[in-house]
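J.: Fold the following.
(chains A, B and C)
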Amino acid sequence: MAVDVLLPAPRLSWAERFRPALTTLRRLLRNRSATVGLAIVLAWMLVALLAPAIAPYSPSAQQLRMRLRPPSEQHLFGTDELGRDIFSRVLHGARISLPIALVVVIATSSVGILVGAVAGYVGGIVDEVLMRVADAVLAFPSLILAIAITAALGPGLLNAALAITLVLWPEYARLVRSQVIALREMEFVTAALAVGASPVRALFTHILPNALPLMLVKVSLDMGNAILLAASLSFVGLGAIPPTPEWGAMIAAGRHKFFEWWLATFPGLAVFSVVIGFNFLGDGLRDVLDPRLNRRAG
Amino acid sequence: MGLLAYLIRRVLITIPLLLLVTLFGFTLTYLIPADPLAMVLSERAMANPQIVQAYRERWGLDKPPHERYLNYVSRLLQGDFGESIATQEPVGRDLMRYFPATMELAVAATLFAVVVGVPLGVIAATQRERWVDHLARFISLVGVCVPVFWLGLLMLALFYYRLQWLPGPGRVNPRLILPPTVTGFLTLDSLIAGNLEVLSSALQHLILPALVLGAYSMSLITRIVRSAMLEVLQQDYIRVARAKGLTERLVIMRHALRNAALPSITSIGLAFGNLMAGAVMTETVFAWPGIGRYAVDAATKLDFAPIMGVTLVVAGMYIVINFVVDVSYAIFNPRVRLS
Amino acid sequence: MMFNRVSSRPWLGSVLLAALLTACASPTAVAPTSPAQMPTPASQEQRAAQETAPTAAPQFTAQQERVLVVGLPKTDIDKLDPGRQYEITPPQIIRAAYETLVTLPEKGARIDRVEPLLAESYDVSSDALVYTFKLREGVKFASGNPLTAEDVVFSFRRLGNLQDNPAWLYNDHVQSIEALDARTVRITLKEPNAAFLAMLVSPNFSVLDSKVVRQQGGTDDETAKETDKATEWLNNNSAGTGPYILKEWKRNEQVVLERNPNYWREPAFFDRIIFRELPDDAARQQAFERGDVDIAVGLDIDAIERLKSNPDVVVLVGNTLDMTYLAMTTNPEISPELADPRVRRAIALAIDYEGIIEGLMNGNALQLPSIIPLGLLGTDPNMALKRDVEQAKALLAEAGLANGFTAKMVYPGGYKFNNVLLADTLVAKVQEDLKEINVSLQVEPRDEASWRADYRAGKLAITLADWTPDFIDPHGWAPAFAVEGSSAARRVHYKNAEATALAQEAGRITDPAKRAEMYLKVQQILMKDLPFVGLIQPRTQIVVRKDLRGVVYNPVYFIDYYYVSR
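T.: Okay, here's the model as predicted:
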């Protein structure tokens, strides 16, 4: 397997170049878990897009007489402490929580993969310094970082994503590094290097693709984490500007009123469904992209 | 390279790095435009110049920032973490108290996460697409999504309030007289003192928070182990091993698990570190006097010495964990050398 | 005179001066405040609990240890040295271990006068400058040492010379203190101060055992701020005359008190009192319902509503002197719109006060008309504004803002105003209310320290804030809010010469009727200019197991645990 990839690539026409992508897509659509995942994710994106049209109430409209009502026909998910319709707020929340989760997860995994790959592959002093920096970042109180970011750059969602990325990348870096260390000693990599592949090429064509499946798992699991983290920073100004609803903040508000279970449960289920969606999609992608599985399937 | 040399090099890199972290932390807290005294002193006291002056002198706030920082670092190098402005107590002593409490909880939580997560991940991988696998994946998905406070309150409501099987919030029955502190781990201290009543109470109090705190790690470990195992099981040499007629059990134990070990150990290490740093919610719900709540209090009050104290100790802990992780890479996978 | 978390507990105050001067130190003097205005300090349930309190001495059974467990929310206990602490939770603990020269009558149920405690009697000179206290005979500290005048002098001088958070209580008022003989203390003030006797109720004026404290490195020297080393010991032990002794303090965890066997009155009921910090509201509620906690403080108001149906539970309701208010800048450079008093009035008229009190607080609050809490001298609940959206719109139109405007509101995210009302909830409510008059609030949560810094520096256009009393006299409020350049007024750049003069003058004179009139006038001016809009004065709710007796709320030291029994 390792050797055939190393053959010089023939010149391809545009259509031919796109063929692998199309094949992948077709394969993806044939994969059951991928289609389910894709359906869930697309459905949420649609909800985010159409929220103002399909939500029965305004997400900020208050009805104090109707506060803290359990789910009913009128209010499918009940109402919150200001009598706002939780169903409408969950629908609108998708507009904030989905993008922030995506941005954060993509940003953290990119930074993490880059640092982890370099550290694991190059090793030695570079590895040592990068990993100690990662340790320090993990240890530094994120609250102080968040307050400082608000003070320096101001409040807002993008700065929230920045703060969370700064806090989360070391986890990815460490995980990728461990895979790179394990893989760089594998026969197919040493073989590739032996037949004259450049180390950079070996890293990108042999090592990282093999580290990808694990990343996909971590990324899809971290979606929920990112949404909840965004909420934990929102009270210092890094997050959605009230009254814009955001799932993480809605869940956090439920902490004060545990016995009104619907406050935290429904936004919690929304987060859960997103995580499930991306997880299925990740599993499907993994199956489709995995070179060994392909060979077996093909 | 020998283990000792490796260790020495790591320490040598760590010390200047930690100093850099203190400089970074000092700069950040200094640049945040808020007066730490205003979070500690009352309005009346803030309006009283003598009191404010006394505070500024006592905490060295009247000195230029570089002098304050150098002062802090020189004390730090002598092993003195400084004092909290809010409590006027030495940070070193606070850390000695809160750190073991969280550590005890994190160890229990990690134990749970590993004991459940690793086998579950392995079984899920070997039984791919069977019901065990689906169950394992479902549990881990729930585990990473459920908010800690919610799980904690639910567990309390069920096992403490409703069923009355387990004690409620707190580290130990508040009515008990505790044994002298030796390690700071209540379980160990009571064992040392031979106080079985405290030991049993402490263990019972540990169960729920450890389950709650460990749920996320358990889920993550299950998934990472499963995924890593799947990778390995498809490698050629496993197929060769199978073809050679080795029993499936032997294949998994000897070949597969060993090679899936690196990411698994990494994720366990990460999970443990996360528990130490991210136990605030669990500590709040279970009234656990730990480092997480201490750190948040310090950050809210912009209390520099405790903020840095926590950061340094947690960073130190990460470095130890990752040292262990890196060394175990070499143990589990002979092809990996300590570089 | 403080924001919530930073410090501040209620002091009782100069309502007393006039009473003192006329009745000349009679401990039964009645305050000039009309009873109708006085919020009742205790609800019906509380009265019931009080009346059935057993008067007989407690009987001790060897086997069954009597333990009281108090469940506290995330506390602010940072020191337990009476000379240094100035937060909201510690006074109730300190008050159980230490006593003061004078205290609140009726177990703390009344706040309009004081009565002697460690003093047997006291005398105030006719110019209200010299206070002479005769100490009670036969009072012993927990150590067995007898109480002497020297102990009083030592404790008070130490309070001042520590130069810590509460030092102003002594330094700002006391000229000199001396022990005339073993049982007589004379305090001379710098200037007449109506609040002084009431300040002495404060646990900061606890009388410490000077021998013990000196042994532990304590000093009352002028150099005490550097040389006193007793705080560490006093954080974990006590040296007072109180019914209980401080046995243990584990920060973020618990405080343990034990009965003082040497107490000079009947010994206290409980062998031990354990104050447990249970920071999560729902977890604390479960601990209470499960029976692990006898008194639960700071539960969620909706959870308390549900608990009221539980026959084993008594909910005590007490009126605080806390307040949550809206502040608007008067500086056109910060907000040209808000600098127009018509606009500020329009905003004040657009707020749905009833909705906040009935909806968000379940009725557990009074509407605060201006900036002096109801129940104090010179307040009138009828002054309070009523919502009038039409008039608000008309005022905006008059100010040329018929189409509304946008204002930025920075507030402390996740903070609980007066420990009961989540800032984010109140902000959302106000934001929605103002939408009706086309005023769009662009709200921005901040961490508490940054918000505080900006508000203090007068940078905020419009914000919400809270205040808790230092002493129970209008003089604790009026100057801060009405006098130009003073701590609160400065934050909104408020300047009004008439209000300034009145608020200052009212603190100098002693005739209660005249003072009441002046404070009313100050508030009328403030309600015309409206730099501050009073929102709520919350009621405190303490959830108590039904078999407990003698739990009485007071706004100075919360509960006097000496009277609590089972």
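
J.: what about the residue of the stretch 301-450 of chain C found nearest chain B, distance to chain A?
T.: Of all residues in the stretch 301-450 of chain C, the one sitting closest to chain B is C:A449 (3.9 Å; C-beta to the nearest C-beta). In short, each C-beta sits where N, CA and C put it, glycine included. Using C-beta to the nearest C-beta, to the nearest Å, C:A449 is found at 8 Å from chain A.

J.: Same question for C:I357.
T.: On the measure of C-beta to the nearest C-beta, C:I357 and chain A end up 10 Å apart.

J.: picking that back up, which residues touch the residue of the stretch 301-450 of chain C closest to chain B?
T.: C:A449 sits next to A:147, B:32, B:34, B:36, B:38-39, B:300-302 when contact means C-beta atoms under 8 Å, 6 or more residues apart in numbering or on different chains.

J.: Let's see that with 6 Å instead.
T.: B:34, B:39, B:302 (C-beta atoms under 6 Å, 6 or more residues apart in numbering or on different chains).

J.: helix or strand for B:V118, which one?
T.: helix B:91-126 (DSSP states H and E).

J.: Show me what that helix is packed up against.
T.: helix B:131-145, helix B:196-233, helix B:257-277, helix B:291-300, helix B:304-332 (3 or more C-beta pairs under 6 Å, 6 or more residues apart in numbering or on different chains; DSSP states H and E).

J.: near chain A at all, the helix or strand just after the third one?
T.: This points to helix B:257-277. Downstream of helix B:257-277, the next assigned helix or strand under DSSP H and E is helix B:280-285. No: Helix B:280-285 stays clear of chain A (C-beta under 6 Å from any C-beta of the partner chain), getting no nearer than 8.5 Å.

J.: now helix B:280-285: how far from the chain's centre is it?
T.: In this view, helix B:280-285 has its centroid 13 Å away from the chain centroid, taken as C-alpha atoms, centre = their mean, to the nearest Å.

J.: Take the helices and strands packed on helix B:91-126 and write them to CSV, including mean pLDDT.
T.: Shown next, in CSV, are the helices and strands packed on helix B:91-126 (pLDDT from 0 to 100):
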stretch, mean pLDDT
helix B:131-145, 90
helix B:196-233, 91
helix B:257-277, 81
helix B:291-300, 91
helix B:304-332, 88
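
J.: Could you export the ones you listed to TSV, including columns for mean neighbour count?
T.: Shown next, in TSV, are these (neighbours: other C-beta atoms under 10 Å in any protein chain shown):
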stretch	mean neighbour count
helix B:131-145	19
helix B:196-233	23
helix B:257-277	24
helix B:291-300	24
helix B:304-332	21
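
J.: could the ones you listed go into a markdown table alongside distance to A:V90?
T.: Listed next are the helices and strands packed on helix B:91-126 as a markdown table, based on distance: least, C-beta to C-beta, whole Å:
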| stretch | distance to A:V90 |
| --- | --- |
| helix B:131-145 | 15 |
| helix B:196-233 | 23 |
| helix B:257-277 | 28 |
| helix B:291-300 | 28 |
| helix B:304-332 | 35 |
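
J.: circling back to that earlier point, could I get the buried residue list for the helix holding B:V118?
T.: Buried residues in helix B:91-126, counting neighbours by 16 or more other C-beta atoms under 10 Å in any protein chain shown, are found at B:91, B:94-95, B:97-110, B:112-114, B:116-118, B:120-126.

J.: Assumed C:D424 was part of a helix.
T.: Yes: inclusion of C:D424 in a helix is indicated when DSSP: H, G, I helix; E, B strand; the rest coil is applied.

J.: Contact partners for it?
T.: Contacts of C:D424 by C-beta under 6 Å, 6+ apart: none found.

J.: For it, give its distance to A:A249.
T.: 8 Å (C-beta to C-beta, to the nearest Å).

J.: swap in C:K211?
T.: Distance of C:K211 to A:A249, computed by C-beta to C-beta: 56 Å.

J.: neighbour-wise, which of those two wins?
T.: Neighbour count, other C-beta atoms under 10 Å in any protein chain shown: between C:K211 and A:A249, A:A249 has more, with 28 against 18.

J.: which residue sits closest to that one in space, ignoring its chain neighbours?
T.: Using C-beta to C-beta, 6 or more residues apart in numbering or on different chains and skipping the chain neighbours, the partner closest in space to A:A249 is A:A231 (4.6 Å).

J.: Then C:L117?
T.: Using C-beta to C-beta, 6+ apart, the nearest residue to C:L117 is C:T103, at 4.2 Å.

J.: Can you pull the phi and psi angles for that neighbour?
T.: As for C:T103, its main-chain torsions (degrees, to the nearest 10) stand at phi -140, psi 180.

J.: Can I get whichever strand or helix holds A:A192 in PDB, CA atoms only?
T.: Taking DSSP H and E as the criterion, A:A192 maps to helix A:187-194. The C-alpha trace of helix A:187-194 is given here as PDB (Å, rounded to 0.1, in the frame of the first residue of the first chain):
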ATOM      1  CA  GLU A 187       7.300   0.100   8.200                       C
ATOM      2  CA  PHE A 188       5.400   1.900   5.500                       C
ATOM      3  CA  VAL A 189       6.900   5.300   6.600                       C
ATOM      4  CA  THR A 190      10.400   4.100   6.900                       C
ATOM      5  CA  ALA A 191      10.000   2.400   3.600                       C
ATOM      6  CA  ALA A 192       8.800   5.600   2.000                       C
ATOM      7  CA  LEU A 193      11.700   7.500   3.400                       C
ATOM      8  CA  ALA A 194      14.000   4.700   2.200                       C
END
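
J.: Give the other helices and strands that the helix or strand just after it contacts.
T.: Per DSSP H and E, the first helix or strand lying C-terminal to helix A:187-194 is helix A:199-202. Counting contacts by 3+ C-beta pairs under 6 Å, 6+ apart, helix A:199-202 is packed against helix A:187-194.
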